[in-house]
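In: Everything below, folded, please.
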Amino acid sequence: MEKKKLKLIAHDGSFHADDIFAAATLSILLERKGEEFEITRTRVPELIEAGDYVFDVGGIHDEATNRFDHHQVGGAGKRNFGEGDKAIDVEYAAFGLVWKKFGAEVAGTQKAADIIEKKLVAAIDAGDNGFELGKYEYEVSPYSIQTAFYSMRPTWKEESLTEDEMFFKCVVFAKEILLREIIQVRDAIEAEEIVVSVYNNTEDKRIIALDDAYPFEYALHNFPEPMYVIVPSKSAKDKWSVRAVRQDSKTFKNKKDLPKAWAGLRDEELQKVTGVEDAVFCHRALFMAVAKTKEGAIKLAQIALE
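Out: Reported below is the predicted structural model:
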């Protein structure tokens, strides 16, 4: 018996990051289940009504019937992030509504889904609803994923390109991004448990020495003691680095910079200043120094604490 091909419906015309990522999320979900489906971009009421999954069009939000629009009067709800003066409400757009229902299934766990929600989903929903998360005070501004997708729209001169053609190219790209984010978050959660365990078992918690190149920033920034982390190089087996811990995950400011006298020095110059025989390099921004051995990197961190 031939399997039914599911109908995914989005609006036609210009596209945005929220409908692109909503399509990408549903595509990943259904492909994993072995379902056959097709995405149709339309505003024809009869086609919308017949859709199995309808997102960013239709004027209805109803998870039970897989309707994920937010353009209706009153919107489709919002979620709150932060506390006090830093609390914000972010309204749902199509991506957020789809992720709310299927995120944990697509990401593998609710914890992973929640991290991706804060890192990617809510930011895209905010932009689609006209909420600015960043203040553009300078002539040079951040280049976001929304900006990248905007560049994929046909210009007024490109008569050979269609909105549909470029939309589907963007969905392929969005799927790759989302799948990579899922992998990154999954492995980061595993690393977090390891890093916290090392922290708990370290006597002098100002210097945390790790035996692999685990992502440590989010695991350690909530602890007050760590100033430096020792990690092996992922690309060079004979290199170990000492990394300054940032004040928090949203800033480039370190709790404690490496000594100013080390800035930009290499090899013999750095070895002479530090007394560490296998010292290799110190970044001029004073957030990282490198030695050939773990012991050398630890020694650099100990000197930096003095």
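In: C-alpha only now, for contacts and for neighbours.
Out: Noted.
In: what comes into contact with stretch 56-72?
Out: Stretch 56-72 has contacts (CA atoms under 8 Å, 6 or more residues apart in numbering) with 9-11, 19, 43, 45, 48, 52-55, 76, 92-94, 97-98, 101.
In: Just the ones of the residues you listed in strands?
Out: 9, 10, 53, 54, 55 (DSSP state E).
In: For the chain, which segments count as helices?
Out: 17-32, 45-49, 94-107, 110-116, 122-128, 145-150, 163-200, 217-220, 267-274, 294-305 (DSSP state H).
In: out of the ones you listed, nearest to residue 156?
Out: For residue 156, the closest of the helices of the chain is helix 163-200, at 11.5 Å, according to CA to CA.
In: tilt between that closest one and helix 94-107?
Out: 50 degrees (axes from the mean of the first three to the mean of the last three CA atoms, to 10 degrees).
In: hmm, back to that, filter the contacts of stretch 56-72 down to the buried ones, ChimeraX style.
Out: Buried members of the contacts of stretch 56-72, defined by 16 or more other CA atoms under 10 Å, are picked up in ChimeraX with:
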select :9,10,11,19,48,53,54,55,76,92,93,94,97,98
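In: how about low-confidence regions in this structure?
Out: Applying pLDDT under 70 to the chain flags the ranges 1-2, 135-136.
In: quick one: buried residues of stretch 190-201?
Out: Buried residues in stretch 190-201, counted by 16+ other CA under 10 Å: 191, 192, 194, 195, 196, 198, 199.
In: thinking again about what came up before, make CSV from the helices of the chain and add distance to residue 138 to it.
Out: Formatted as CSV, the helices of the chain follow (distance: least, CA to CA, whole Å):
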stretch, distance to residue 138
helix 17-32, 24
helix 45-49, 43
helix 94-107, 29
helix 110-116, 28
helix 122-128, 19
helix 145-150, 17
helix 163-200, 28
helix 217-220, 28
helix 267-274, 37
helix 294-305, 35
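In: what about the nearest residue to residue 267 once chain neighbours are set aside, how many residues close to it?
Out: Nearest non-adjacent residue to residue 267, counting by CA to CA, 6 or more residues apart in numbering: residue 280, 4.5 Å away. Neighbours of residue 280 under the rule other CA atoms under 10 Å: 22.
In: need the contact list for residue 280.
Out: Going by CA under 8 Å, 6+ apart, residue 280 touches 266, 267, 268, 270, 271, 289, 290, 291, 292.
In: can I assume residue 254 is in contact with residue 245?
Out: Yes. Using CA atoms under 8 Å, residue 254 makes contact with residue 245 at a distance of 5.7 Å.
In: And the two? Which one has more around it.
Out: residue 245 (26 against 17).
In: list the contacts for the nearest residue to residue 254 once chain neighbours are set aside?
Out: Excluding its sequence neighbours, the residue lying closest to residue 254 (CA to CA, 6+ apart) is residue 246, at 4.0 Å. Contacts for residue 246 (CA under 8 Å, 6+ apart) come out as 217, 221, 252, 253, 254, 255.
In: Tell me the one of these nearest residue 119?
Out: Among the contacts of residue 246, and counting by CA to CA, the member closest to residue 119 is residue 217, at 14.7 Å.
In: contacting residues for that closest one?
Out: Residues counted as contacts of residue 217 (CA under 8 Å, 6+ apart) are 245, 246, 249.
In: So which residue is smack in the middle of the chain?
Out: Centroid check for the chain by CA atoms, centre = their mean gives residue 119 as the closest residue, at 4.6 Å.
In: measure it to residue 127 for me?
Out: As judged by CA to CA, to the nearest Å, residue 119 and residue 127 stand 13 Å apart.
In: ok, now residue 72?
Out: 17 Å.
In: Start and end of stretch 220-236, how far apart?
Out: 24 Å.
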